[in-house]
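[1] only geometry, no sequence info:
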């Protein structure tokens with residue numbers, strides 16, 4: 001279970017021009033009493049975005065060059081995170097901003113599989129900024145939808161000229177891609193009532209989305225429901241096998257599980273083929289378990305034998 005002494009981590013993703021830098025600046029201003037550090041990754045030789053971030057000392061801003069850290073994770077990424085935690089022990093919260101053309105799964109994955117990072121950091125979740133004005137154009141649609149699919153919190157930005165009916169349509173469309181995320185609206189990159197503490201990757205029980213197709217014909221959501229306690233070892237064997245075989249097809253998996261001979265619920269969280277399974281805080285109050293899977297599920301066999 002997560003330790004409060006660890007550095008909290010929030011990943012901020014979203015396509016090019018969605019308003020990530022403006023949003024980060026608004027966070028730094030709103031939580032001015034909190035000690036932030038920022039990891040940015042950029043293309044090219046000149047760090048432009050770094051000059052735009054206000055409120056973070058340059059010594060606490062780490063840049064990863066040589067292309068996009070999100071596309072090919074190397075040891076440099078994990079080592080930078082370790083160095084940051086060791087050099088700046090006063091840091092309370094780490095913000096990681098991905099490039100707009102990045103798959104965020106590879107940025108999130110090390111927090112699930114790297115034991116050293118798990119000792120240093122407490123992963124809080126992923127925020128995706130969605131550009132309401134350009135959401136429906138065809139440019140890099142696969143990537144934009146995947147950024148939404150892995151998010152815990154979707155902030156629909158540039159809604160200053162949208163009516164309430166248009167916002168409801170947009171909310172429904174986001175729900176079709178990711179029924180698990182929280183959704184909020186923003187104007188000019190700022191959401192007046194946004195609270196960083198509400199971004200969490202701990203799942204809750206969800207309404208069933210049995211194979212429902214999303215806006216994108218290749219992305220769908222499936223809910224797996226089990227009506228009695230599960231054998232933990234058999235489940236972990238199935239989960240490891242399934243995520244290994246379908247690591248490119250399963251974008252996101254979350255769940256609350258009731259295992260045999262366990263007093264507490266277990267929380268499941270997975271992104272891009274890696275997962276974390278840990279004891280939750282709630283005593284088991286019912287016997288059923290629920291798992292929600294998002295990805296390219298049309299050709300997958302999620303059959304279980306436990």
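    Good, I have the coordinates. These numbers come from a predicted model, not from an experiment. Numbers count the residues shown, from 1 in each chain.
[2] quick one, strands of this structure?
    Applying DSSP state E to the chain gives strands spanning 7-14, 36-41, 61-64, 93-97, 121-131, 153-157, 182-185, 212-213, 220-226, 250-257, 264-271, 274-283, 289-295.
[3] Let's have those in a markdown table, adding mean neighbour count, mean pLDDT and distance to residue 25.
    No exception for glycine: its C-beta is placed from N, CA and C like everyone else's. Listed next are the strands of the chain as a markdown table, based on neighbours: other CB atoms under 10 Å; pLDDT from 0 to 100; distance: least, CB to CB, whole Å:
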| stretch | mean neighbour count | mean pLDDT | distance to residue 25 |
| --- | --- | --- | --- |
| strand 7-14 | 24 | 92 | 12 |
| strand 36-41 | 24 | 80 | 11 |
| strand 61-64 | 17 | 61 | 13 |
| strand 93-97 | 23 | 89 | 11 |
| strand 121-131 | 24 | 91 | 13 |
| strand 153-157 | 25 | 89 | 13 |
| strand 182-185 | 18 | 87 | 17 |
| strand 212-213 | 14 | 45 | 37 |
| strand 220-226 | 18 | 85 | 33 |
| strand 250-257 | 24 | 88 | 28 |
| strand 264-271 | 21 | 89 | 27 |
| strand 274-283 | 14 | 85 | 31 |
| strand 289-295 | 23 | 88 | 30 |
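[4] any chance of these in CSV, plus distance to residue 146?
    Compiled in CSV, the strands of the chain are given as follows (distance: least, CB to CB, whole Å):
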stretch, distance to residue 146
strand 7-14, 10
strand 36-41, 17
strand 61-64, 21
strand 93-97, 17
strand 121-131, 10
strand 153-157, 13
strand 182-185, 17
strand 212-213, 16
strand 220-226, 13
strand 250-257, 6
strand 264-271, 11
strand 274-283, 16
strand 289-295, 9
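[5] Against residue 274, how distant is residue 8?
    Separation of residue 8 from residue 274 (CB to CB, to the nearest Å): 20 Å.
[6] again with residue 17
    29 Å.
[7] Spatially central, which residue of this structure would that be?
    Among the residues of the chain, the one closest to the centroid is residue 126, at 3.1 Å (CA atoms, centre = their mean).
[8] Specify the beta-bridge partners of that one.
    Counting by DSSP bridges, residue 126 forms beta bridges with residue 11.
[9] ok, it to residue 20 distance?
    12 Å.
[10] Spit out the residues that contact these two alike.
    Common neighbours of residue 126 and residue 20 (criterion: CB atoms under 8 Å, 6 or more residues apart in numbering): 12, 13.
[11] Verify the stated contact: the residue nearest to the centre of the chain with residue 105.
    No. Assessed by CB atoms under 8 Å, residue 126 is found out of contact with residue 105, at 9.5 Å.
[12] shared neighbours of the two, anything?
    residue 150.
[13] In contact with the closest residue to residue 31 other than its chain neighbours, which residues?
    Nearest residue to residue 31, sequence neighbours excluded (CB to CB, 6 or more residues apart in numbering): residue 196, at 6.4 Å. By CB under 8 Å, 6+ apart, the contact list for residue 196 reads 10, 27, 31, 93.
[14] any idea which helix or strand of the chain has the worst average confidence?
    For the chain, using mean pLDDT, DSSP states H and E, the weakest element among its helices and strands is strand 212-213, scoring a mean of 45.
[15] what about the residue of the chain positioned farthest from its centre, distance to residue 231?
    Here the chain reaches farthest from its C-alpha mean at residue 261, the gap being 30.8 Å by CA atoms, centre = their mean. Distance, residue 261 to residue 231, by CB to CB: 9 Å.
[16] cool, and residue 6?
    Residue 6 sits 31 Å away from residue 231, going by CB to CB.
[17] of those two, who's got more company?
    Taking other CB atoms under 10 Å, residue 6 and residue 231 do not tie; residue 6 has more neighbours (16 against 13).
[18] If you drop the residues flanking it in sequence, what lies closest to that one?
    Using CB to CB, 6+ apart and skipping the chain neighbours, the partner closest in space to residue 6 is residue 122 (4.1 Å).
[19] now swap in residue 255 and tell me
    Excluding the flanking residues, the one nearest residue 255 by CB to CB, 6+ apart is residue 291, at 3.6 Å.
[20] Kindly state the beta-bridge partners for the one you found.
    Partner residues in beta bridges with residue 291, using DSSP bridges, are residue 224, residue 255.
[21] my read: it touches residue 250, true?
    No. The criterion here is CB under 8 Å, and residue 291 misses it with residue 250 at 11.0 Å.
[22] Kindly provide the distance from residue 141 to residue 262.
    42 Å.
[23] And the pLDDT for residue 98?
    Note for residue 98: predicted pLDDT of 83.
[24] ok, it touching residue 105?
    No. The pair formed by residue 98 and residue 105 falls short of the contact definition of CB under 8 Å, at 10.0 Å.
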